[in-house]
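Peer 1: Okay, here's the prediction I keep looking at, along with the sequence it came from:
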Amino acid sequence: MAELMTQMGSAVAGIMVAYAMFQNYFPYELRRPIKRYAEKAMSFIYPYIHISFSEYHGDDFQRSKAYASIERYLNANSTKQAKRLQANVLRDSEAIVLTMANYEEVTDEFSGVKLWWSSNKSTRTQQSISFYPREDEKKFFTLTFHRRHREAITTRYLTHVLNEGKAITINERRRKLYTNNKNEGYSYRRNLWTHVMFDHPATFDTLAMEPTKKQEIIDDLIHFTQSKDYYAKVGKAWKRGYLLYGPPGTGKSTMIAAMANLLKYDVYDLELTSVKDNTELRKLLIDTTGKSIVVIEDIDCSLDLTGQRESKKKDKEDEKKDAEKDAAKEVKKKMEESKTSQVTLSGLLNFIDGLWSACGGERIIVFTTNYVEKLDPALIRRGRMDKRVELSYCGYEAFKVLAKNYLEIESHELFGEIRRLLEETNMSPADVAENLMPKLGAENGEVCLIRLIKALEEAKEEARIKAEEEEKEKLAKEKEDEENKLKKQAKEEEEEEKKEKTENGVKENATEENGVKENGVAAAAN
Ligand SMILES: Nc1ncnc2c1ncn2[C@@H]1O[C@H](COP(=O)(O)OP(=O)(O)OP(=O)(O)O)[C@@H](O)[C@H]1O
Ligand SMILES: [Mg+2]
């Protein structure tokens with residue numbers, strides 16, 4: 001094909017040269033129709049269409065997005081077909097991008113149609129002084145295809161190439177972990193978020209959890225990412241709320257990392273206590289990009305719904321006791337108060353599902369908490385938090401995942417005993433993992449399993465002692481309550497008796513007095 005096109009190309013070039021040479025011999029009026037007919041004749045014998053995509057457009061200093069997407073799309077084909085390649089590691093990417101060198105050609109196929117992509121460059125002939133070397137050398141891709149496929153190629157194929165290229169870029173880009181900056185004074189163009197590269201290795205494969213529950217979450221996440229059209233159809237903003245709750249060390253933070261790795265999303269870790277007020281919260285939200293997970297960890301103690309309010313109250317009480325009239329302390333207190341967050345519940349609710357929350361799209365909001373019962377019901381109602389996931393103590397299935405991860409053991413005679421102990425004891429996956437991890441790298445699996453059994457037995461014993469103590473305390477309290485009740489009863493009875501006595505005394509006195517009076521009256525009458 002390349003040969004045929006080269007031949008055709010040279011034939012066309014020849015005709016053009018001949019035309020350029022002889023056109024001066026034609027009368028001026030004839031030149032235009034001749035040119036038109038010549039072009040028509042040429043398109044008849046040369047039925048191919050060319051589309052070119054430049055790396056830079058006009059004076060735009062930014063690389064063309066279409067060019068970048070095509071580059072990524074052609075990466076696989078280039079690697080297989082081109083003889084001369086250029087290697088590049090792009091900014092924010094982990095992968096090496098192989099592009100064909102200048103004047104190379106690769107083929108592609110779309111719905112049975114064959115197409116040719118070639119990379120070219122044009123060099124400026126005129127001299128120009130510039131800081132940008134690229135201005136003298138313009139790279140571009142040329143797509144060539146038969147004109148009978150014009151419709152399919154210019155619409156469907158090009159959309160396909162751009163989407164694929166974009167998807168590959170997203171897939172290979174290095175993801176970022178953002179955190180919000182503390183607002184300290186006003187400065188022009190303050191960055192709301194700072195970021196580092198997100199390199200957490202957790203995945204759903206390494207997450208210890210009951211398999212069906214895990215699969216359900218994975219399916220839910222994948223379904224979410226594929227439901228853009230559905231969300232648009234039902235008129236809902238394309239976002240989903242997750243509430244992860246459970247005791248410490250059960251894998252809430254690990255699950256967030258696994259989610260980000262599964263979906264290839266960026267993570268925005270929002271520290272609510274550093275957010276000054278609702279307006280700043282909104283600004284932070286607007287400043288996030290799509291394809292991201294916005295995380296608020298330990299929601300129960302990051303807002304004045306619970307934690308902050310309590311701590312403030314405590315502070316105030318302490319201060320009252322310590323130095324009531326201490327002016328320096330007053331100043332300090334005021335300063336501290338001005339620093340603490342004034343984000344309110346309604347501000348947070350707006351953050352999750354207000355009008356602003358729809359900007360950007362494709363966003364997952366995750367809350368984590370150790371105490372789900374402490375949260376305001378408005379915060380976790382359906383629609384705001386679409387999915388609630390409880391992460392609980394390590395069960396047998398979760399243990400098996402950890403044993404496979406840490407020791408590469410899938411079954412062992414000690415598993416039975418561990419299963420029994422896990423059913424009887426509450427131990428977080430973090431503790432189980434800690435016991436399973438070989439120390440100094442020299443321990444074999446069995447040693448670790450035995451250590452886990454020991455730890456489980458100890459935990460069981462501790463739990464038993466604790467339960468006993470609690471039972472004792474409960475009994476002691478019940479006894480004390482009973483005694484108090486009896487004492488109260490006795491006191492009440494005593495008081496009742498006293499009351500009765502005094503009432504009786506009053507009555508007796510009254511009858512006595514009446515007797516005296518009656519006697520007196522009788523005596524007087526006598
Ligand atoms: N379900 C799990 N699967 C795999 N590893 C886990 C799991 N749970 C905990 N771990 C291990 O324990 C460590 C602590 O877990 P993680 O930070 O996810 O707990 P958490 O639930 O977020 O705790 P906290 O409530 O204190 O924030 C992790 O580094 C991880 O290695
Ligand atoms: Mg955590």
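Peer 2: Thanks, I have it. Nothing here was measured: the structure is a model prediction, and the numbers come from that model. Ligands and ions are numbered 1, 2, ... in the order given.

Peer 1: Can you tell me the SS state at Trp116?
Peer 2: Put simply, Trp116 is strand when judged by DSSP: H, G, I helix; E, B strand; the rest coil.

Peer 1: shouldn't it be in contact with Glu109?
Peer 2: No. Under the criterion of Cβ atoms under 8 Å, Trp116 is not in contact with Glu109, lying 10.7 Å apart. Where you see a C-beta, it was placed from the backbone N, CA and C, and this is true even at glycine.

Peer 1: Of the two, which one has the most company?
Peer 2: Taking neighbours as other Cβ atoms under 10 Å, Trp116 and Glu109 compare with Trp116 leading, 17 against 9.

Peer 1: what are the phi and psi values for Val161?
Peer 2: In terms of degrees, to the nearest 10, the main-chain angles of Val161 are phi -60, psi -50.

Peer 1: How about it: what's its closest non-neighbour residue?
Peer 2: On the basis of Cβ to Cβ, 6 or more residues apart in numbering, the spatially nearest residue to Val161 that is not a chain neighbour turns out to be Tyr73, at 5.0 Å.

Peer 1: again, but for Ile217
Peer 2: Per Cβ to Cβ, 6+ apart, closest to Ile217 is Val389, 6.4 Å.

Peer 1: Surely that neighbour is in contact with Gly241?
Peer 2: No. Val389 lies out of contact with Gly241 (Cβ under 8 Å); the separation is 11.3 Å.

Peer 1: and the residue of the chain at minimum distance from ligand 2, what helix or strand is that in?
Peer 2: As assessed by Cβ to the ion, ligand 2 sits closest to Ser253 within the chain, at 3.3 Å. Ser253 is part of helix 252-263 when elements are defined by DSSP states H and E.

Peer 1: So for that helix, mean pLDDT?
Peer 2: Averaged across helix 252-263, pLDDT comes to 95.

Peer 1: ok, it near ligand 1 or not?
Peer 2: Yes. Using Cβ under 6 Å from any ligand atom, helix 252-263 reaches ligand 1 at Lys252, Ser253, Thr254.

Peer 1: Closest one to Glu271 out of these, please.
Peer 2: Ser253 (13.8 Å; Cβ to Cβ).

Peer 1: Enumerate every residue touching the closest one.
Peer 2: Listed by Cβ atoms under 8 Å, 6 or more residues apart in numbering, the contact partners of Ser253 are Glu297, Thr368.

Peer 1: now do Ala87
Peer 2: Going by Cβ under 8 Å, 6+ apart, Ala87 touches Ile96, Val97, Leu98.

Peer 1: Go again with 6 Å.
Peer 2: Residues in contact with Ala87 (Cβ atoms under 6 Å, 6 or more residues apart in numbering) are Ile96, Leu98.

Peer 1: Just want the most central residue of the protein.
Peer 2: Ile293 (1.7 Å; Cα atoms, centre = their mean).

Peer 1: Find the nearest non-adjacent residue to that residue, please.
Peer 2: Closest residue in space to Ile293, ignoring its immediate chain neighbours: Ile364 at 4.6 Å, by Cβ to Cβ, 6+ apart.

Peer 1: Give the helix, strand or coil label for the one you found.
Peer 2: Criterion first, three-state DSSP; result for Ile364: strand.

Peer 1: Please apply the same query to the one 4 residues further on.
Peer 2: Put simply, Thr368 is strand when judged by three-state DSSP.

Peer 1: so it makes contact with Gly251?
Peer 2: No. With contact defined as Cβ atoms under 6 Å, Thr368 does not count as touching Gly251 (10.2 Å).

Peer 1: can you give me the helices for the stretch 101-250 of the chain?
Peer 2: Secondary structure of the stretch 101-250 of the chain (DSSP state H, counting those that start in this stretch): helices located at 150-152, 158-172, 211-225, 228-234.

Peer 1: Now mean pLDDT and mean neighbour count too, for these, in JSON lines please.
Peer 2: Output for the helices of the stretch 101-250 of the chain, formatted as JSON lines (pLDDT from 0 to 100; neighbours: other Cβ atoms under 10 Å):
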{"stretch": "helix 150-152", "mean pLDDT": "89", "mean neighbour count": "12"}
{"stretch": "helix 158-172", "mean pLDDT": "87", "mean neighbour count": "16"}
{"stretch": "helix 211-225", "mean pLDDT": "95", "mean neighbour count": "15"}
{"stretch": "helix 228-234", "mean pLDDT": "88", "mean neighbour count": "11"}
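
Peer 1: got these as JSON lines, with distance to Lys488 columns?
Peer 2: Output for these, formatted as JSON lines (distance: least, Cβ to Cβ, whole Å):
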{"stretch": "helix 150-152", "distance to Lys488": "91"}
{"stretch": "helix 158-172", "distance to Lys488": "71"}
{"stretch": "helix 211-225", "distance to Lys488": "51"}
{"stretch": "helix 228-234", "distance to Lys488": "62"}
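
Peer 1: helices and strands around the helix ranked longest in the chain, which ones?
Peer 2: The single longest helix within the chain, with elements called by DSSP state H, is helix 445-525. Here helix 445-525 touches helix 429-436, going by 3 or more Cβ pairs under 6 Å, 6 or more residues apart in numbering; DSSP states H and E.

Peer 1: what about the helix it packs on, near ligand 1?
Peer 2: Yes. Using Cβ under 6 Å from any ligand atom, helix 429-436 reaches ligand 1 at Pro429, Ala430, Ala433.

Peer 1: surely the last one meets Lys404?
Peer 2: Translated: Ala433. No. Ala433 sits out of contact with Lys404 when judged by Cβ under 6 Å, with a separation of 11.8 Å.

Peer 1: quick one on the thing from earlier: next, the residue nearest to the centre of the chain: phi, psi?
Peer 2: Taking degrees, to the nearest 10 as the convention, Ile293 sits at phi -110, psi 120.

Peer 1: Likewise for Thr203?
Peer 2: Per degrees, to the nearest 10, the backbone of Thr203 is at phi -130, psi 170.

Peer 1: if I look at the residue nearest to Leu162 when sequence neighbours are not counted, how far off is Thr159?
Peer 2: Leaving out its chain neighbours, the residue that sits closest to Leu162 by Cβ to Cβ, 6+ apart is Ser69, at 4.9 Å. To Thr159, Ser69 is 11 Å away according to Cβ to Cβ, to the nearest Å.

Peer 1: Equivalent analysis for Val401, please.
Peer 2: Separation of Val401 from Thr159 (Cβ to Cβ) stands at 41 Å.

Peer 1: Likewise for Lys472?
Peer 2: In this view, Lys472 and Thr159 are 73 Å apart by Cβ to Cβ.

Peer 1: can you check Gln226 too?
Peer 2: Distance of Gln226 to Thr159, given as Cβ to Cβ: 18 Å.

Peer 1: what do you get for Val295?
Peer 2: 34 Å.

Peer 1: Next: Met42.
Peer 2: 30 Å.

Peer 1: want to throw the residues of helix 429-436 next to ligand 1 into CSV with neighbour count, distance to Glu480 and pLDDT?
Peer 2: Listed next are the residues of helix 429-436 next to ligand 1 as CSV, based on neighbours: other Cβ atoms under 10 Å; distance: Cβ to Cβ, whole Å; pLDDT from 0 to 100:
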residue, neighbour count, distance to Glu480, pLDDT
Pro429, 25, 39, 94
Ala430, 16, 38, 94
Ala433, 23, 42, 93
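
Peer 1: which among those residues are in contact with ligand 2?
Peer 2: Among the residues of helix 429-436 next to ligand 1, not one lies near ligand 2 by Cβ under 5 Å from the ion.

Peer 1: Quick one: name the residues of the stretch 201-350 of the chain near ligand 1.
Peer 2: Counting by Cβ under 6 Å from any ligand atom, the stretch 201-350 of the chain comes close to ligand 1 at Leu207, Ala208, Met209, Pro248, Gly249, Thr250, Gly251, Lys252, Ser253, Thr254.
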